[in-house]
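Student: requesting a structural model of the entry that follows:
(2 chains)
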Amino acid sequence: MTLPKLRAGPLAALVVLALFVVSAAAERVYVYEVESDVEITEDVPHVPGISWRFGEQLLVVWVPRDVAPGIILFTNETASIPLYDRRYFLLVVPADARPNQRARAEALLKTPDGTHPVVFRKPDAGIIDITARSIEEALTTLKQIGLQPEYRGKAELKKIDTAKRDPDAGRETAADATPAPTQVSMPTTGSLLDVYGGLYFRETLITRTGQVYVPVHGAKSACIDLGYAAYVGYDVRGFVLGTWIIGGTVDADLIVDVYRIQNDGSCRYLGSQTFRLANNTRYWVSRINPTTSVDELAVFVWLRVRSFSGQPRVSAYASVLYTRTYRHGFEVGEFAARTSGEGGYWINNYVRRVVIGPYVAYDGYIARTASSSLRLKIATEPVNRVCKDLRVRFTINGRSSIVTSTYRGIYNSGVCSYDVNLPRFDQSTFQFEYSYAKAFGGGLAWVLDIEYTDGSTPYVRTIYLENVDAFRYWRWAEQWRTIDRAVDGSWKSAFLSSAFELYAAPTEPSPAPGIYHGLVTVRANHANLYNHRVILTISGRYIYPRYNYVVYINRAEIDLYIPLDVRGINVMGEAYLMPDNRINPINPPQWVEIVLRVKDAVDFILTAAGIGGRAFGLLSFAAGQGLQSAGDSVRAEVRGLNNATITYQRGWGTNVASDTIIAPLTIPSLYNTRGPTELVITRICLDSYCVNPNLKAYVQPDSTNWTREVATVKNWMFRGQVDSTTTYDIPMR
Amino acid sequence: MQGKTSFFFFLFVVVFSLLWFVWPWSWLVGVFIAGLVFLWSLFFVSCVGLRRSFVVVFGLVAAPLALAPLAEPLFLWYAVAPFAVFVVLVYAAYRAYDSLLWGFLFVVGSLWLHVIILAAVDLLTGGLLSQAFVMGFDVYVRWNVPLIAFMDVSSLYISCRVVKLIFAYVKKRRS
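Tutor: Predicted coordinates for the structure are as follows:
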């Protein structure tokens, strides 16, 4: 494995020197606090005609509109929670900007220093946006990237006409706003899908100047002749890289080398893009686009460190937008995140923000398929025995606002109760936040901004979460692109799973509640397998944040509906997944197995004696059932022709420190199917929390027109679930 | 005197079984099972005559049930313990009636009668008891164990008394 050839000829040295000279002379910039009537996406403001370090581009820096006391429900922590707004940001404009006033503008930036024409497009200089916690922090970050910022006050960004500036971002249109409670139906076969994936890089400690590699997570590179490269794959529409720095400051360039993976697994260099490394910043890598990704791509990320202070650690993640065609009826799965099974929280505090989440931003989200039916009951202290109207602003991650709605309180035994439900959902807002979260390896949370309509802060007594989906979407989990004529052989061993995530709280409010976190996944195993065709994983744990105490899952029940005969369903090879990813088979304690046989013999005598055995009796019950439940058990039961229940119970006599159970299912009728099969999880009970998720998963057919297209297939998904080095080797045709 | 002790242990079993509602699901379940076996045995033996030595013997019989999770071979005792209890009970009855046959018949008779009573109750309640028995020890569904304990000891309380009366009657007729 060789390291990349970093073209460091004399010419490059000159370029570096030139860059250094330019950056040494800090460029004066004006910083405006902008109120905009345009929500900023990856298309950022440019001023035609200006020319500075970032070309015609202006830098967007997000700062919170305000910070207010809030409660993070699932950990029961109070915290200051910032609220950003995609119509409020700082714009960085070169001080000596001389715009071309005659250029066609989509919007006008009105500043105390004059008016600039603005057009929106993908960033010329690559920086999409920078996020800061305050204006001061924003100015510091700007200084770190070699600018000399001067805060110049407020400005306005106004659209010139009502024409949509970008058909993709048409979020003002009513058609885009689906009513909240709708569960978006499955994509139709033959449709073209926008699918998000993630790339994950290892956190890199900066200990020296010069070249520093940012290796891909996992041990295996995408290229056999180049270490640390990350696999990107085919048909990419957009590639957004997110970086953040903790523990110090770094003055460095961020370089993304793009490679084409060749048939023999080696990589050919296509080109590079150089950005200025900044904290909490997203970059648009334009070299990875539909044209270049006709070939299979890989990226290599590295830094050219000029100087650093402290012990900075640089992290990078990427959000990748793929184009995929849904052809065969089984390349999708579903993800559902539930708020809880009717959980109650005792707040008793003045609260402006309520955080519900974060939930995992599962890889493979298919754009425009998200939904939410968030619903909660907020009980507040009446003000002078009157219930004031409550205004609730629903935002995702405290940045993108979905909707604002006002609720009337009902006075009831000393409290005002508000039935707060999400009135509508917005697809492009969710899409923006999902992509943003992936670029920083983050999750998705609802952040509710609550206040009385007169602007005062409510004193919240309790919050009850209803048993509903916080987020739900269809997901794509492909390692490869599918082809027209047949099903690509890689699908035979596809790593596709539908996942269900649950957060639950005690049914009654309690001052120091534990929180329950559960995850159930279903995936199809290799085609043509008789045994272990479907793999079910069940995870769950109680966490008591205040006491730093965790209790692992004790019992689970999962109801499965299959439109085939379920007779003969069986769990085989059940195991615990240990924290170190080891698999620990579930067997009854060795002696229990032997004892059960001995007991059979003894029971015969005892039944005759009337002491029990197989007859009624407390003694035989205590000993017999006590023995039965001493070991861990996972079993499948048939309930009618199409329904089965999978039950797990932790044995009281075993003590395996794991919260995850793997249950491989054998379903005889799935063998030799000729079309995809839809499995529906109709009910999930994790410990004492039960929900009816209606979660769908698809099993690929056994016999169909498989072809062998590709040499290797790598997972860009499920980094947390499988080792990212997992490679399926499939011979070439 | 015997009746009082018997009733005392009857209450003891019932109250102890109620602890199941809050008993933690861990190796401590073994302690619960041992406690149940211990108290039930003392309850039964109190019907024919409790001696201090029986407390020790039943303590020894029950202890391995509690310790099994710590030393797995002790799980064997779960198969054998009911038989061991049975043997001690027969011995106790033998002491009371001075005859091994009578002792054996007393224990088997009481137990069978109590099984019949339970079966009748099960029939009358539409299978509630058998449902409770089949459920076994569940992490979350806890009502069945106290129910079984209560039904079992109360029917045994009756059956033991009945068998005692029958034995007294037979003895009287013989003499």
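Student: low-confidence ranges, chain B, go.
Tutor: Within chain B, the segments meeting pLDDT under 70 span B:1-2.
Student: can you pull out the strands in the stretch 601-733 of chain A?
Tutor: Assigned strands in the stretch 601-733 of chain A, in chain order: A:633-638, A:643-649, A:660-666, A:677-686, A:689-691, A:695-699, A:706-707, A:712-714, A:727-729 (criterion: DSSP state E, counting those that start in this stretch).
Student: want to throw the ones you listed into a markdown table with mean pLDDT and distance to residue A:568?
Tutor: Where you see a C-beta, it was placed from the backbone N, CA and C, and this is true even at glycine. Converted to a markdown table, those look like this (pLDDT from 0 to 100; distance: least, CB to CB, whole Å):
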| stretch | mean pLDDT | distance to residue A:568 |
| --- | --- | --- |
| strand A:633-638 | 93 | 8 |
| strand A:643-649 | 96 | 10 |
| strand A:660-666 | 92 | 8 |
| strand A:677-686 | 94 | 15 |
| strand A:689-691 | 89 | 27 |
| strand A:695-699 | 92 | 16 |
| strand A:706-707 | 70 | 26 |
| strand A:712-714 | 54 | 32 |
| strand A:727-729 | 44 | 29 |
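Student: format those as JSON lines; extra columns: mean neighbour count and distance to residue B:8.
Tutor: Supplementary listing: the strands of the stretch 601-733 of chain A in JSON lines, determined by neighbours: other CB atoms under 10 Å in any protein chain shown; distance: least, CB to CB, whole Å:
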{"stretch": "strand A:633-638", "mean neighbour count": "17", "distance to residue B:8": "38"}
{"stretch": "strand A:643-649", "mean neighbour count": "20", "distance to residue B:8": "35"}
{"stretch": "strand A:660-666", "mean neighbour count": "22", "distance to residue B:8": "44"}
{"stretch": "strand A:677-686", "mean neighbour count": "21", "distance to residue B:8": "41"}
{"stretch": "strand A:689-691", "mean neighbour count": "20", "distance to residue B:8": "41"}
{"stretch": "strand A:695-699", "mean neighbour count": "23", "distance to residue B:8": "54"}
{"stretch": "strand A:706-707", "mean neighbour count": "16", "distance to residue B:8": "74"}
{"stretch": "strand A:712-714", "mean neighbour count": "20", "distance to residue B:8": "71"}
{"stretch": "strand A:727-729", "mean neighbour count": "14", "distance to residue B:8": "69"}
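Student: which one, of the ones you listed, ends up nearest to chain B?
Tutor: Within those, the stretch nearest chain B is strand A:643-649; the backing value is 6.2 Å (CB to the nearest CB).
Student: got the strands of the stretch 601-733 of chain A as CSV, with distance to chain B columns?
Tutor: Rendered in CSV, the data for those read as follows (distance: least, CB to the nearest CB, whole Å):
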stretch, distance to chain B
strand A:633-638, 10
strand A:643-649, 6
strand A:660-666, 14
strand A:677-686, 9
strand A:689-691, 11
strand A:695-699, 22
strand A:706-707, 44
strand A:712-714, 40
strand A:727-729, 39
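Student: can you give me the neighbour number for residue B:56?
Tutor: Using other CB atoms under 10 Å in any protein chain shown as the criterion, residue B:56 is surrounded by 10 other residues.
Student: so residue A:326 sits against residue A:186, correct?
Tutor: No. Contact between residue A:326 and residue A:186 fails when scored by CB atoms under 8 Å: they sit 9.1 Å apart.
Student: what distance do you get for the residue nearest the centre of chain A to chain B?
Tutor: Taking CA atoms, centre = their mean, the centroid of chain A lies closest to residue A:361, which sits 1.0 Å from it. When CB to the nearest CB, to the nearest Å is applied, the distance between residue A:361 and chain B equals 32 Å.
Student: residues contacting that residue?
Tutor: Applying CB atoms under 8 Å, 6 or more residues apart in numbering or on different chains to residue A:361 gives the contacts A:198, A:434, A:437-438, A:442-444.
Student: show me what the longest helix seen in chain A is packed against.
Tutor: Secondary structure assigned by DSSP state H gives helix A:590-609 as the longest helix of chain A. The helices and strands touching helix A:590-609, judged by 3 or more CB pairs under 8 Å, 6 or more residues apart in numbering or on different chains; DSSP states H and E, are helix A:618-628, helix B:76-97, helix B:100-124.
Student: can I get these in JSON lines with mean neighbour count and distance to residue A:663?
Tutor: Supplementary listing: the helices and strands packed on helix A:590-609 in JSON lines, determined by neighbours: other CB under 10 Å; distance: least, CB to CB, whole Å:
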{"stretch": "helix A:618-628", "mean neighbour count": "25", "distance to residue A:663": "19"}
{"stretch": "helix B:76-97", "mean neighbour count": "21", "distance to residue A:663": "26"}
{"stretch": "helix B:100-124", "mean neighbour count": "19", "distance to residue A:663": "34"}
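Student: isn't residue A:448 right up against residue A:353?
Tutor: Yes. Counting by CB under 8 Å, a contact exists between residue A:448 and residue A:353, whose distance comes to 6.8 Å.
Student: quick check: mean pLDDT across stretch A:600-618?
Tutor: The predicted model assigns stretch A:600-618 a mean pLDDT of 71.
Student: start to end distance for it?
Tutor: With CA to CA, to the nearest Å as the measure, stretch A:600-618 spans 17 Å from end to end.
Student: can you tell me how far residue A:653 is from residue A:575?
Tutor: Distance, residue A:653 to residue A:575, by CB to CB, to the nearest Å: 18 Å.
Student: look at the two and report which has more neighbours.
Tutor: Neighbours per residue (other CB under 10 Å) separate residue A:653 from residue A:575, with residue A:653 holding more: 25 against 21.
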